[in-house]
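Q: I would like the atomic coordinates for the input below:
(one chain, ligands or ions: 2)
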Amino acid sequence: MAEKKVGGAGLRGQVAGKTALSTVGKSGSGLTYRGYDVKDLAENCEFEEVAYLIFYGELPTKAQLADYKGVLKGMRGLPQALKEVLERIPADAHPMDVMRTGCSMLGNLEGEESFEQQQDRANRLLAAFPSIICYWYRYSHDGVRIETETEDDSIGGHFLHMLRGEKPNALHEQVMNVSLILYAEHEFNASTFTARVCASTLSDLFSCITGAIGSLRGPLHGGANEAAMELIERFSSADEAEKELLGMLERKEKIMGFGHAVYTESDPRNAIIKQWSEKLAADVGDEVLYPVSVRCEEVMWREKKLFCNADFFHASAYHFMGIPTKLFTPIFVMSRVTGWAAHVFEQRADNRIIRPSAEYVGPELRKVVPIAERG
Ligand SMILES: CC(=O)SCCNC(=O)CCNC(=O)[C@H](O)C(C)(C)COP(=O)(O)OP(=O)(O)OC[C@H]1O[C@@H](n2cnc3c(N)ncnc32)[C@H](O)[C@@H]1OP(=O)(O)O
Ligand SMILES: O=C([O-])CC(=O)C(=O)O
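A: Ligands and ions are numbered 1, 2, ... in the order given. I've put the predicted structure just below:
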């Protein structure tokens, strides 16, 4: 894979620390978690196995997986004080703000008092994020106080069950599983780097994750899956999509869901989620959104050599499963909390405060003029 242009703004291409968690744009299909190709993991594992791998370094045995799922299942409940806070957040709030507040509030109630608790608190967040977003969503939109302590086997199934009030079918649970695997970890992306900067001050896990959620929220990062949905649902046919896209490119508008800071020719996660989006399109009898998405992909490559990143086909896939657009980025949080937390642990294990330097471009040294003399 060709290397991207290094240096300049955005710390692009500069090594800012070490990690044993993942490689991006290097070996395998282009993305590995602890040495395993993400394609291999998405084909052969459940998300909980991958979370275990990211946290503990190795894939679990059957018994270890059963234990780990049991631990997570036991952590799905929300304390009353957190429920009360969620009930006060209005329905028109941004769901990523709900995630941020939910994480921060949990930190007030069940804070990390010593780093020895870090794995327990990371597991708690992994188990609680679906409960947090669904509790708020169902209360603010449907007026119901849902039960978050379900017996669902998987995190994806737990999320869809709470969102809809009924258990998902096998296809939907499987797509959630794949999606959560694809989003779990991605080296020094903006939100993970945020978490590591926070960790480098020896702050607590909840602060690191709360900061990371804020970074993921933006449309240049995790927010792109929602922005991609807003784009594709504007078009009623592939031809219309092509015409409008060409206009947007001419006006030099950014097309969300395309391009990447590290990959140069493709994002390995795209082919995987695209396949599932196609399956879901067939499942719901879609004849518009999937062909529109494929045409966008073709036009962007033909015109600009820009390719779909992980977010683009996630938009149609989630939509076909009936997930409201505004919950797309919170799902990213439900997954990426594994990568964020594991990076926090790595930073703590070999820490030096992250404090780069700036190139000064302001005025030369000057004297304060007394306020009475300033014109
Ligand atoms: C899970 C994730 O977070 S994946 C990323 C999700 N984000 C998006 O989809 C947002 C859209 N994409 C982008 O904004 C960018 O491609 C980023 C933020 C992902 C990467 O940014 P960079 O590393 O700065 O991009 P890169 O150096 O490849 O940009 C090269 C040129 O292509 C342009 N370009 C890059 N992506 C796009 C795009 N999606 N639409 C239009 N033009 C683009 C840039 O504006 C730049 O043009 P310029 O040289 O005239 O300024
Ligand atoms: O690596 C990045 O810059 C963004 C990304 O794809 C991710 O965080 O999954």
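
Q: buried set for stretch 244-251?
A: Within stretch 244-251, the residues that qualify as buried are 245, 249, counting by 16 or more other CB atoms under 10 Å. Quick note: C-beta positions are derived from backbone N, CA and C, even for glycine.

Q: repeat that for stretch 148-159.
A: In stretch 148-159, counting by 16+ other CB under 10 Å, buried: 148, 150, 152, 154, 155, 156, 157, 158, 159.

Q: and stretch 226-245, by the same measure?
A: Within stretch 226-245, the residues that count as buried by 16+ other CB under 10 Å are 226, 227, 228, 229, 231, 232, 235, 238, 241, 242, 245.

Q: for stretch 54-73, same thing?
A: 54, 55, 59, 60, 65, 68, 69, 72, 73.

Q: end to end, how far does it reach?
A: Start and end residues of stretch 54-73 are separated by 18 Å (CA to CA, to the nearest Å).

Q: please name the nearest non-neighbouring residue to whichever residue of the stretch 201-350 of the chain sits closest to ligand 1.
A: Relative to ligand 1, the nearest point of the stretch 201-350 of the chain is residue 259 (2.4 Å; CB to the nearest ligand atom). Excluding its sequence neighbours, the residue lying closest to residue 259 (CB to CB, 6 or more residues apart in numbering) is residue 306, at 5.0 Å.

Q: so where's the stretch 201-350 of the chain shaky on pLDDT?
A: When residues are selected by pLDDT under 70, none of them lie in the stretch 201-350 of the chain.

Q: using the three-state scheme, assign whichever residue of it sits closest to ligand 2.
A: At 4.2 Å from ligand 2, residue 261 is the closest residue in the stretch 201-350 of the chain, using CB to the nearest ligand atom. Using DSSP: H, G, I helix; E, B strand; the rest coil, the structure places residue 261 in coil.

Q: can you list the domains in the protein?
A: Domain assignment for the chain by the TED database gives 22-219+325-349, 224-321.

Q: mind putting those domains into JSON lines with distance to residue 375?
A: Shown next, in JSON lines, are these (distance: least, CB to CB, whole Å):
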{"stretch": "domain 22-219+325-349", "distance to residue 375": "41"}
{"stretch": "domain 224-321", "distance to residue 375": "41"}
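
Q: quick one: which of these is nearest residue 16?
A: Proximity to residue 16 (CB to CB) singles out domain 22-219+325-349 among these, at 6.0 Å.

Q: is that closest one anywhere near ligand 2?
A: Yes - shown here: domain 22-219+325-349 in contact with ligand 2 (CB under 6 Å from any ligand atom) through 186, 189.

Q: quick check: end-to-end length of that domain?
A: Start-to-end span of domain 22-219+325-349 (CA to CA) is 17 Å.

Q: also stretch 366-375?
A: Distance between the two ends of stretch 366-375: 16 Å, counting by CA to CA.

Q: quick one: distance of that stretch to the chain centre.
A: Computed by CA atoms, centre = their mean, to the nearest Å, the separation of stretch 366-375 from the middle of its chain amounts to 50 Å.

Q: for the helix or strand hosting residue 86, which positions count as buried?
A: Here residue 86 sits within helix 80-88, counting by DSSP states H and E. Using 16+ other CB under 10 Å as the burial criterion, the residues of helix 80-88 that qualify are 82, 83, 85, 86.

Q: export the buried residues of stretch 148-159 to a markdown table and tack on secondary structure, distance to residue 220 and pLDDT?
A: Converted to a markdown table, these look like this (DSSP: H, G, I helix; E, B strand; the rest coil; distance: CB to CB, whole Å; pLDDT from 0 to 100):
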| residue | secondary structure | distance to residue 220 | pLDDT |
| --- | --- | --- | --- |
| 148 | coil | 32 | 98 |
| 150 | coil | 35 | 96 |
| 152 | coil | 33 | 97 |
| 154 | coil | 30 | 98 |
| 155 | helix | 27 | 98 |
| 156 | helix | 26 | 98 |
| 157 | helix | 31 | 98 |
| 158 | helix | 30 | 98 |
| 159 | helix | 25 | 98 |
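
Q: what is the nearest of those residues to residue 118?
A: The closest of the buried residues of stretch 148-159, once distances to residue 118 are taken by CB to CB, is residue 155, at 19.6 Å.

Q: my read: the closest one touches residue 180, true?
A: Yes - the pair residue 155 / residue 180 is scored as a contact, 6.5 Å apart, by CB atoms under 8 Å.

Q: who are the contact partners of the nearest residue to residue 312 once chain neighbours are set aside?
A: With sequence-adjacent residues excluded and distances taken as CB to CB, 6+ apart, residue 312 is closest to residue 257, at 3.3 Å. With contacts defined as CB atoms under 8 Å, 6 or more residues apart in numbering, residue 257 is in contact with 224, 225, 227, 228, 231, 308, 309, 311, 312, 315.

Q: so which strand or helix has the last one?
A: Which is residue 315. Taking DSSP H and E as the criterion, residue 315 maps to helix 312-320.

Q: hmm, that helix in reach of ligand 2?
A: No - applying CB under 6 Å from any ligand atom, one finds helix 312-320 separated from ligand 2 by no less than 10.9 Å.

Q: what ranges does the stretch 201-350 of the chain have for its helices?
A: Assigned by DSSP state H, counting those that start in this stretch, the stretch 201-350 of the chain shows helices spanning 205-216, 224-232, 238-250, 268-284, 289-304, 312-320, 328-349.

Q: need the winner for burial among these.
A: helix 312-320 (a mean of 27; mean count of other CB atoms under 10 Å).

Q: helices and strands around that one, which ones?
A: When contacts are defined as 3 or more CB pairs under 8 Å, 6 or more residues apart in numbering; DSSP states H and E, helix 312-320 sits against helix 170-183, helix 224-232, helix 268-284, helix 289-304, helix 328-349.
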